[in-house]
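A.B. asks: Let me see the structure of the following:
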Amino acid sequence: MAPAAVRGPVARPRTTMPGPVRIWEVGPRDGLQNEAAIVPADVKAAMVDRLAAAGLPVVEVTSFVHPSRVPQLADAEEVMARVRRRPGVRYPVLVPNRAGLERALASGATDVCVFASATETFARRNLNRSRDEALAAFEPVVAGAKAAGAGVRAYVSMCFGDPWEGDVAPGDVLSVAERLLAMGCDELSLGDTIGVATTGQVVGLLDDLERAGVGLERVGVHFHDTYGQALANSLAAVERGVTTVDASAGGIGGCPFAESATGNLATEDLCWALAGLGIETGVDLVELVATSVWMASVLGRPSPSKVVQAMARGLQSGGAGQGEAR
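C.D. replies: Below you'll find the model as predicted:
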């Protein structure tokens, strides 16, 4: 029997969907931060390089938090020094405070991310501050980043549900989002940290933001897959007008400060779905799958991504591909 081909998705464009979608790859940072075993810096840098080579326009590299908080990312400076930066690719890093910003800028970062919470409890557990105190503390960080010419993204966690507070009022998300934009953040990423969002919630929150004057061109979405809804929620957001979606190669990741948070949306699953809708991402799906198969071998467990699992069988059997899924 001939080996199975590594097939790509068949495109059937829909008029209700927007143009190109920018995938914000978070695997090297959000994906690896929750690993129990330390991944060597050279492996992390190789992962970043391979993801960029696969056509991802944004690859979030690491986090400049205190090593005691996230030991897996204690080698941030070393990883940044090892990454081979490709023209046209953005390499953002997470910064928690002014000290983290200074470390990031000294390492050559030109894009930084801050992280806020829509809920009071998670702000205290994740940032050791009240929600208002955390937002106030970000003001000099954002100002310092902008003064240095860096782009600034703001993550907003717990936008749809909180394990301690339950359902999250859209008004709480809107209030935090407006304050972050007012202090100078260029864009937002709305996070479903524990993966409980529904498509109705997603569209409703985006409606609320747009009515408040927040253009969806400044909004990205970041879904975890606890209830298997990350892809559905992402596609609902894209259909509503969002053109930036966060995803993690191979579906790795979680949140070390929210135990009920499971893996991120797999970048491969997102790419397959978008390609099937005729939406351009610029990503070579075969190269991306090969990278996630390699990373799964490093981590010692298979990728949870269904697309990775399916395409890996074809790659391992030597099947011929059908070209790039872009």
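A.B. asks: Please enumerate the strands of the stretch 101-250 of the chain.
C.D. replies: 111-117, 151-157, 161-162, 166-167, 187-192, 219-223, 244-247 (DSSP state E, counting those that start in this stretch).
A.B. asks: For the longest helix that the chain contains, name the packing helices and strands.
C.D. replies: Longest helix in the chain by number of residues (criterion: DSSP state H): helix 131-147. Helix 131-147 is packed against helix 98-106, strand 111-117, helix 120-127, strand 151-157, helix 170-182, with contacts defined by 3 or more C-beta pairs under 8 Å, 6 or more residues apart in numbering; DSSP states H and E. Placement of C-beta: from N, CA and C, glycine included.
A.B. asks: To Val10, which of these lies closest?
C.D. replies: When the helices and strands packed on helix 131-147 are compared by C-beta to C-beta, strand 151-157 sits nearest Val10, at 33.6 Å.
A.B. asks: coming back round to it: identify each buried residue in the longest helix of the chain, please.
C.D. replies: For helix 131-147, the buried set under the neighbour-count rule, 16 or more other C-beta atoms under 10 Å, comprises 131, 134-135, 137-138, 141-142, 144-146.
A.B. asks: right, and the pair among the residues you listed with maximum separation?
C.D. replies: Largest separation among these by C-beta to C-beta: Arg131 and Lys146, giving 22.4 Å.
A.B. asks: can I get the helices and strands packed on helix 131-147 in a markdown table with mean neighbour count and distance to Val245?
C.D. replies: Listed next are the helices and strands packed on helix 131-147 as a markdown table, based on neighbours: other C-beta atoms under 10 Å; distance: least, C-beta to C-beta, whole Å:
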| stretch | mean neighbour count | distance to Val245 |
| --- | --- | --- |
| helix 98-106 | 18 | 24 |
| strand 111-117 | 24 | 15 |
| helix 120-127 | 19 | 22 |
| strand 151-157 | 23 | 13 |
| helix 170-182 | 19 | 17 |
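A.B. asks: can the ones you listed go into CSV with extra columns for mean pLDDT?
C.D. replies: Below are those laid out as CSV (pLDDT from 0 to 100):
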stretch, mean pLDDT
helix 98-106, 97
strand 111-117, 97
helix 120-127, 89
strand 151-157, 98
helix 170-182, 97
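A.B. asks: Could I get the ones you listed in JSON lines, plus columns for distance to Leu205?
C.D. replies: Formatted as JSON lines, the helices and strands packed on helix 131-147 follow (distance: least, C-beta to C-beta, whole Å):
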{"stretch": "helix 98-106", "distance to Leu205": "29"}
{"stretch": "strand 111-117", "distance to Leu205": "15"}
{"stretch": "helix 120-127", "distance to Leu205": "17"}
{"stretch": "strand 151-157", "distance to Leu205": "10"}
{"stretch": "helix 170-182", "distance to Leu205": "5"}
